[in-house]
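Asker: Turn this into a structure:
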Amino acid sequence: MVDNIEHIIEGCRRNDSAAQKMLYEEYSGCMFGVCLRYAESKQDAEDILHEGFLKIFEKIQQFKSRGSFVGWMRKIMVNTALEKFRNQYKVVSMTEDAQEFEQTAYEDINVNLTAMELMNFIQELSPQYRMVFNMYAIEGYSHKEIGTILHISEGTSKSNLSRARMILQEKVKAYYKQGLRREEKSL
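Answerer: The predicted structure is shown next:
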């Protein structure tokens, strides 16, 4: 990325609009990808991105130059998306037996999906399933952490992840079968 990131960070700490613009231009693309995974639409992702950058500029004094600056920004973007999710959706805790879902066997299907196709499948998940899937599978949160953040039980987090995986598996199977039908027709 940027060779002089420390210089840009210092400029942002001084509220230098040129440094803020440089930071936004350099990192908005990769941060937009993070926002897209959590948003329901491109417009929602743009809103999260802009709100997230405002928070970055407000909180840049808190970055202590320990660890990755990109990781710090990413965490702000994810938290902004989570905040938007909590404000938009009433999260309902379910008292299902999560072990039933944990024991589901998943078939391995050899399908060549592009990252964009997989991202589209994830976008099609319900907001609750998409949120839990992203937090667990991509961000690395534990079910306990997800439960605390989303105000749901650990079991609900596990069952939501399992259901998200099952839905994604079905979408991949359908995609695979559709590809086979196209290949048969072309023969």
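Asker: Next up, the contacts around L161.
Answerer: The neighbours of L161, taking C-beta atoms under 8 Å, 6 or more residues apart in numbering as the test, are Y129, V132, F133, Y136, A137, H143. Placement of C-beta: from N, CA and C, glycine included.
Asker: Let's see that with 6 Å instead.
Answerer: Listed by C-beta atoms under 6 Å, 6 or more residues apart in numbering, the contact partners of L161 are V132, Y136.
Asker: Please identify the helix or strand for it.
Answerer: helix 154-186 (DSSP states H and E).
Asker: if you average pLDDT over that helix, what comes out?
Answerer: For helix 154-186, the mean pLDDT works out to 83.
Asker: chain center to that helix: distance?
Answerer: Taking C-alpha atoms, centre = their mean, to the nearest Å, one finds the center of helix 154-186 at 19 Å from the center of the full chain.
Asker: D47 - how many residues pack around it?
Answerer: 16 (other C-beta atoms under 10 Å).
Asker: make that N87, sorry
Answerer: 8.
Asker: returning to that earlier point: and the helix holding L161, what's buried?
Answerer: 155-165, 167-169, 171-172, 175 (16 or more other C-beta atoms under 10 Å).
Asker: Give me the helix or strand of the chain that scores worst on average pLDDT.
Answerer: For the chain, the helix or strand with the lowest mean confidence is helix 98-102, at a mean of 43 (criterion: mean pLDDT, DSSP states H and E).
Asker: packing partners for the next helix or strand after it?
Answerer: As assigned by DSSP H and E, the chain's next helix or strand after helix 98-102 is helix 115-123. Helices and strands in packing contact with helix 115-123 are not found; criterion 3 or more C-beta pairs under 6 Å, 6 or more residues apart in numbering; DSSP states H and E.
Asker: Let me see the mean pLDDT of whichever helix or strand comes after helix 115-123.
Answerer: Moving toward the C-terminus from helix 115-123, the first helix or strand encountered (DSSP H and E) is helix 127-133. Averaged over helix 127-133, pLDDT sits at 91.
Asker: Stretch 13-24 now?
Answerer: 96.
Asker: mind listing what R130 touches?
Answerer: So R130 contacts nothing (C-beta under 6 Å, 6+ apart).
Asker: And for K59, the neighbour number?
Answerer: Count around K59 with other C-beta under 10 Å applied: 11.
Asker: Would you mind measuring from it to C12?
Answerer: Relative to C12, K59 is positioned 10 Å away (C-beta to C-beta, to the nearest Å).
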